[in-house]
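K.L.:
everything below, folded, please.
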Amino acid sequence: MTMDEKYVVECPHCGKVEGYLPNDMDDRDVAPGEGDTEIIEQTFEIPHATERVQCPQCGRWLSPDRVHPE
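P.N.:
Got it, this is the predicted structure:
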């Protein structure tokens, strides 16, 4: 995934929200352009390791299966 690939978060509160996933494999410091929204991924350890993505609009943590390429 690269910063130029647009993704859609299917948020139950906000509906379809467009954003970009950061590219951890890219050693360049590439930030989204003005008006672009980064989709944050995080692993929570309670009670066991669970991956979640954050809606860039409302901040709710959602299942990663709610994110797909545009």
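K.L.:
below-threshold pLDDT in the protein: ranges please.
P.N.:
Along the chain, segments meeting pLDDT under 70 span 1-4, 23-36.
K.L.:
which residues in it form helices?
P.N.:
Remark: helices of the chain are absent; assignment by DSSP state H.
K.L.:
which residues sit in contact with E41?
P.N.:
With Cβ atoms under 8 Å, 6 or more residues apart in numbering as the criterion, the residues that contact E41 are 21, 51-54, 64. (Glycine included, C-beta is placed from N, CA and C.)
K.L.:
partner residues bridging it?
P.N.:
Judged by DSSP bridges, the bridge partners of E41 are V53.
K.L.:
got it, and V17?
P.N.:
Under the criterion used (DSSP bridges), V17 bridges to V9.
K.L.:
my guess is it contacts V53, does it?
P.N.:
No. V17 is beyond contact range of V53, at 10.6 Å (criterion: Cβ atoms under 8 Å).
K.L.:
now the residue nearest the centre of the chain: how far from H48?
P.N.:
When Cα atoms, centre = their mean is applied to the chain, the residue found nearest the centroid is I39 (2.3 Å). I39 is 23 Å from H48, where distance means Cβ to Cβ, to the nearest Å.
K.L.:
repeat that for V67.
P.N.:
Taking Cβ to Cβ, one finds V67 at 21 Å from H48.
K.L.:
quick one: which of those two has more around it?
P.N.:
Legend: neighbour count by other Cβ atoms under 10 Å for V67 and H48, higher for V67 (19 against 6).
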